[in-house]
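Participant: I'll drop the sequence and a predicted model, then ask my questions.
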Amino acid sequence: MLAFAIRRLIQAVGVMLVVALISFLLFRFVGDPVNQLVGVDTTPEQRAQLRQDLGLNDPVYAQFGRFVGKAARFDFGISYQIKQPVADLIASRLPATLELSLVSAVFALLVGLPMGVYTGLYPQTLLSRLFLALSLTGISLPTFLIGILLIFIFSVNLGWLPSFGRGEVVTIGGFWTTGLLTRSGLSSLILPAITLGLFQMTLIMRLVRGEMLEVLRTDYIKFARARGLSSRAINFGHALKNTLVPVITITGLQIGSIIAFSIITETVFQWPGMGLLFLQAVQNVDIPIMAAYLLLIAFLFTIINFIVDLLYVAVDPRIRIGGAGA
Amino acid sequence: MYRQSLFGRAVGGAIRAGMVAGALAAATLGAHAEGKTLRFAFQGTLNALDPYSLNETFTLGMLGNVYEGLTKRDKDLKIIPGLAESWETIDPLHWRFHLRKNVTFSNGDAFNADDVLFSAERVRADGSDLKTRIPADSEWKKVDDYTVDVTLKTPNPILFAEWDTWYIMDKEWAEKEGATKPVSAKDTNPGPAAYKANGTGPFTIESHEPGVKTVFKRRDGYWGEKLIDTNLDSVVFTPIASDSTRVAALLSGDVDLIEPVPVQDIDRVNKDPNTAALTGPELRAIFLNMNQIRDELPTSNVKGKNPFKDPNVRKAFYQAIDIEAIDKRVMRGLATPIPLLIAPQLYSAPDLKRWPYDPEAAKKLLTDAGYPDGFTVGMDCPNDRYVNDEQICQAVVSMLAKIGVKVNLNAQPKAKYFAKVLAPGGYDNDFSLLGWTPSSFDSWNVFVSLATCRDATGKGGPFNLGGYCNPKVDELAKQIVVETDVDKRNQMIHDAYKILLDDTSHIPLHQQSLAWGKRKNLDIVQRSDDQVLFYWAKLN
């Protein structure tokens, strides 16, 4: 088990190095950071000097080596634009993104699961067909369109919810900001969380529905019925329980995507998280922020995969045996 | 304030009207003590607060609520005394500035000559982006606590033209905070001036989270109360990058002021009973560059020679473009055609007019120049820098097609565009679109930036993308910068513009309009330099 964990850990470090390298190669194509750093009156000589001082004239491998060396010590440099340490900036934006991601994951589960169960149990009813039609829209409409649609309905026309931002936040423990404790914070969370969670909700609903339909046809359900158990006990005690294994796996893996793909939702709602920081950085060619963000996302994905792998081994002995044999 | 506005929206318009009436009644009771808060959203972010870090309109405008220069500009951009009460020229090389007494910085420190000398050093220091604000070789001397002498090496008629945005910093504060050097991108340990501010202006910055939120507070003890007109107690600034979200925030009442309103949303903002668009001319001139320095255009099918070297070809391009149509359709009326590379508010002359739109004449010019069937050329264009920049370029492409010129458009984000067409990219453009606002509001800046000869590395006019070169213009520019006789100077400026027009050095297109969106209960002055100044804002 320990050997397995160590092997996966080494693989994870390799993945992160590759992500960092690829992103560094890409940075050469995003444009010139210096032009975004100075005003129009700055002479070409001064601009060239700044390029030199920032180390942008060095070959890619030198820039990459410097970045990895510093990153290993958790030093991600200073943002070109904001002129504050990138590590601090990301740390201050992290709570907003994590809070939004978790709330939308919870939303996706709490809504997707019952809808999935219902459509699985009663596939022919009108309500089931409605849910399925809705889920099709959820999957096919792009996130930014859903966000803008929600803003125009609930903020502009109905005036119920704020159109952007995070509302009032409370600081806990000196570093974590939360919007969950204020009224404006909570109301600001609703629309972005729905926008971000809609896709996952649809996914969970369809997954649960499919699994339910599958499980309900199995023999042990038939036997349970024959034994005269209540349909409540059968549906929730036996059927749902057996559908949950793949659901948990998918949800766990999706948390990574939710965090990574919150970029669009954060931009539409001007949600002050990491995704927004990243997008602003891309527009201004703020390489230190882009590099650190991409590395962090790679880290999150590898960590989540790592945990999922470990869980598999814990849950399913067959993988352990296969791993030992290989 | 947020809770109140949420409540207001929940109960509906009728009660909201009642609340406004209540607020009005409250406004008559006290001065700025009752706490009006302006909520303002802009498309870009406010980054470092160091007033010498970035020479850019929005940043300097926001900081202008907190800091002040020796001079200020009034609502019509006229220069008025700021921290300098008056000044005089002893001779063309010696200026004397008399400083205002009884002025304090927001931390309570008194303002005096030492602060001016310190700021003059700091703004010229390594890492400053505002080095051009004062001549590098000028000498600054303290005569007494409230008198400063400036000695120049060459006469300079526009010495203080940009001093309204050269903000005076407090020497004692900077030394105490360790902020004596400008914050620059290459600093590994940025100073506190990146996120703190201490100026003599009417507002202070209470909190600053770049890209998230900045809170300004009105301060007590501001010297210039009679120059300002505001009932604001605080301002909450949020960047909102997405156009539709920004407009939605205004329509839903989550913010009171947005900038910019996309031109296609102006009607919508005006139709809403609670909001209005505030439009006015902006000082930026938009124009096209034609590369005349290359011997052959890489993107053209004409080989062995460069058609743009022929002034007739340039004029043919000029006359083929129907600027009225672009301004009516693409810009939806929010642009004014210009004959020169400068906004008419800054310089105009009755005899300097645009060449008329005339596709027949253009076709003839092109035929006479030896291109009866036109030719092919590539065009570079930004797509996120100026108002509807890409659409303008598309319109130009289709208009030139009518005289047989096939233009291949390459529109890309500004970060990539500028990397290609400016000096670091080797001025790689054959035909391109650019916008320019002279930072000094003076024509000399236009000539030396856009129209004087340059070499391939940018020595000379650094933003002369087309590489236009006429020694006569260079000579005039040299004289304009030192000529102190206003009439003689204006005549030289006129002559230089006349040469540019006759040579068709560039194709001036239009000046775009500012488009702010505001709630109806907000009164604010929109200055054409696009600075958002809270001290002329009133919430009713």
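Facilitator: Done, it's in.
Participant: Skipping adjacent residues, who's closest to the closest residue to chain B within the stretch 1-150 of chain A in space?
Facilitator: Residue of the stretch 1-150 of chain A nearest chain B, by Cβ to the nearest Cβ: A:Gly39 (2.5 Å). C-betas here are computed from N, CA, C, even on glycine. Distances taken as Cβ to Cβ, 6 or more residues apart in numbering or on different chains place B:Asn55 nearest to A:Gly39, at 2.5 Å, with adjacent residues excluded.
Participant: ok, now B:Pro372?
Facilitator: Leaving out its chain neighbours, the residue that sits closest to B:Pro372 by Cβ to Cβ, 6+ apart is B:Leu366, at 7.2 Å.
Participant: same thing with B:Leu117?
Facilitator: Using Cβ to Cβ, 6+ apart and skipping the chain neighbours, the partner closest in space to B:Leu117 is B:Trp140 (5.3 Å).
Participant: repeat for B:Pro202
Facilitator: Once flanking residues are discounted, B:Pro202 sits nearest to B:Tyr222: 4.5 Å by Cβ to Cβ, 6+ apart.
Participant: Tell me the spacing between that neighbour and B:Met62.
Facilitator: Distance from B:Tyr222 to B:Met62, counting by Cβ to Cβ, to the nearest Å: 17 Å.
Participant: These two - which one has more neighbours?
Facilitator: Shown here are B:Tyr222 and B:Met62; by other Cβ atoms under 10 Å in any protein chain shown, B:Met62 has more neighbours (25 against 19).
Participant: Can you give me the pLDDT of that one?
Facilitator: pLDDT recorded at B:Met62 is 94.
Participant: any residue of the helix or strand hosting it up close to chain A?
Facilitator: In this assignment (DSSP states H and E), B:Met62 forms part of helix B:57-63. No: between helix B:57-63 and chain A, judged by Cβ under 8 Å from any Cβ of the partner chain, nothing touches; the nearest distance is 8.7 Å.
Participant: can you list contacts of that helix?
Facilitator: B:42, B:44, B:46-47, B:49, B:51, B:53-54, B:165, B:167, B:197, B:199, B:214, B:237, B:437, B:529-533 (Cβ atoms under 8 Å, 6 or more residues apart in numbering or on different chains).
Participant: Tell me the secondary structure at the residue of the stretch 1-150 of chain A closest to chain B.
Facilitator: coil (DSSP: H, G, I helix; E, B strand; the rest coil).
Participant: With B:Ser53 as the reference, measure out to it.
Facilitator: Counting by Cβ to Cβ, the gap from A:Gly39 to B:Ser53 is 10 Å.
Participant: Just want to know which of these two has more residues nearby.
Facilitator: B:Ser53 (28 against 16).
Participant: Need phi/psi at the more buried one.
Facilitator: B:Ser53 adopts backbone torsions of phi -80, psi -30, taken as degrees, to the nearest 10.
Participant: Helix, strand, or coil at the closest residue to it other than its chain neighbours?
Facilitator: The shortest distance from B:Ser53 to any non-neighbouring residue, by Cβ to Cβ, 6+ apart, is to B:Val183 (5.0 Å). The three-state label given to B:Val183 by three-state DSSP is coil.
Participant: who's in contact with B:Val183?
Facilitator: B:Val183 makes contacts with A:Lys83, B:Ala48, B:Asp50, B:Tyr52, B:Ser53, B:Gly127, B:Pro190, B:Gly191, B:Ala193, B:Ala194, as judged by Cβ under 8 Å, 6+ apart.
Participant: Flag the least confident of those residues.
Facilitator: B:Pro190 (66).
Participant: where does the chain dip in pLDDT?
Facilitator: Let's take chain A. Along chain A, segments meeting pLDDT under 70 span A:1, A:314-326.
Participant: oops, chain B please
Facilitator: In chain B, residues with pLDDT under 70: B:1-34, B:185-191.
Participant: so what's the residue nearest to A:Gly39 up against?
Facilitator: For B:Asn55, the contact set (Cβ under 8 Å, 6+ apart) comprises A:Val38, A:Gly39, A:Val40, A:Asp41, A:Thr42, B:Asp129, B:Leu130, B:Thr132, B:Ser439.
Participant: ok, now with 6 Å
Facilitator: Counting by Cβ atoms under 6 Å, 6 or more residues apart in numbering or on different chains, B:Asn55 touches A:Gly39, A:Asp41, B:Asp129, B:Leu130.
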